[in-house]
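just coords:
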Ligand SMILES: O=C[C@H](O)COP(=O)(O)O
């Protein structure tokens, strides 16, 4: 069975609540589609107004991060129950910016992934290599390691519903997209890795996105690759261009 595409915007630390609600109004008519799942992953403070603004549309709302504890003395953190109660369906976990600036590790990513599943949230699990790692020729080994740790103790049934976002760090916000061959090579390797950890059915079901300077001009070619099931889009998700990316065909 063909996998359904999933195209998610990652707004990062952009948009005040007022701006966020206005952006949804602009994008709503542009991202209508029957063909793909559309997700807006937004800053925590924007979740409530964005969920409200997306009511009655095809747009699901995601968070950009969450903590792996249920509640308590964790100043500044957001719990999985807070997200589900607010109407969130997806959560980005282990984005390279969280790994770089907020010291997230493969192990904390795994704890968050397990907690997301426990609460019925779909994790969008990020992995990717730096330019130096790519030049050292260790990309595939590194990605396999990131994926294997992220999925520790995750059941096959849970894994089937997960989303993995392959984002080469050197392509994020740089305007330098991976070539379709580079993106497909890694996404295929991720699928093979899931097949080794679980089985063929799980590998066939899991959805793998590419992220890194996706735009209206390159989306169609990237998303046409066998193992690329959509995109995690940063900069271009804040513009009308996101409508073109969602309707890339
Ligand atoms: O999560 C999204 C990625 O970091 C890609 O960002 P970008 O599209 O601005 O390169």
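On my side now, so go ahead. Everything numeric in this text was worked out from a predicted model, so none of it was measured. Numbers count the residues shown, from 1 in each chain.

In the chain, what residue lies closest to the ligand?
residue 234 (2.3 Å; CB to the nearest ligand atom). C-betas here are computed from N, CA, C, even on glycine.

For the protein, what lies in contact range of the ligand?
Residues of the chain lying close to the ligand (CB under 6 Å from any ligand atom) are 10, 95, 167, 172-173, 211-214, 232-236.

So which of those residues sits lowest on pLDDT?
Among these, residue 173 carries the lowest pLDDT, at 87.

Quick check: that residue touching residue 234?
Yes - in terms of CB atoms under 8 Å, residue 173 counts as a neighbour of residue 234; the distance is 6.0 Å.

who has more neighbours, these two?
residue 234 (22 against 12; other CB atoms under 10 Å).

wait, doesn't that one sit right on residue 8?
No - between residue 234 and residue 8 there is no contact under CB under 8 Å: 10.2 Å.

Report the helix or strand with the lowest average pLDDT across the chain.
Among the helices and strands of the chain, helix 131-135 carries the lowest confidence by mean pLDDT, DSSP states H and E, at a mean of 95.

ok, and what's touching it?
For helix 131-135, contacts defined as CB atoms under 8 Å, 6 or more residues apart in numbering pick out 139, 142, 168-170.

can you do 10 Å?
Helix 131-135 is touched from outside by 128-129, 138-139, 141-143, 168-171, 174, 176, 178, 182, 186, with contacts defined as CB atoms under 10 Å, 6 or more residues apart in numbering.

Which parts of this protein are helices?
Applying DSSP state H to the chain gives helices spanning 17-27, 47-54, 80-85, 96-101, 106-118, 131-135, 139-150, 156-161, 180-197, 200-205, 219-223, 241-246.

Of the ones you listed, which stretch is the most buried?
Stretch with highest mean neighbour count among these: helix 241-246 (a mean of 23; mean count of other CB atoms under 10 Å).

now stretch 238-249: mean pLDDT?
Throughout stretch 238-249, pLDDT has a mean value of 96.

Determine how far it lies from the middle of the whole chain.
Mean C-alpha position of stretch 238-249 versus that of the full chain (CA atoms, centre = their mean, to the nearest Å) differs by 16 Å.

Next, the distance between the ends of that stretch.
Separation of the first and last residues of stretch 238-249 by CA to CA, to the nearest Å is 20 Å.

try stretch 89-96
21 Å.

Residue ranges in the protein under the pLDDT threshold?
Low-confidence segments of the chain, defined by pLDDT under 70: 1.

circling back: shared neighbours of residue 173 and residue 234, which are they?
With CB under 10 Å, 6+ apart as the test, residue 173 and residue 234 both reach 12, 97, 212-213.
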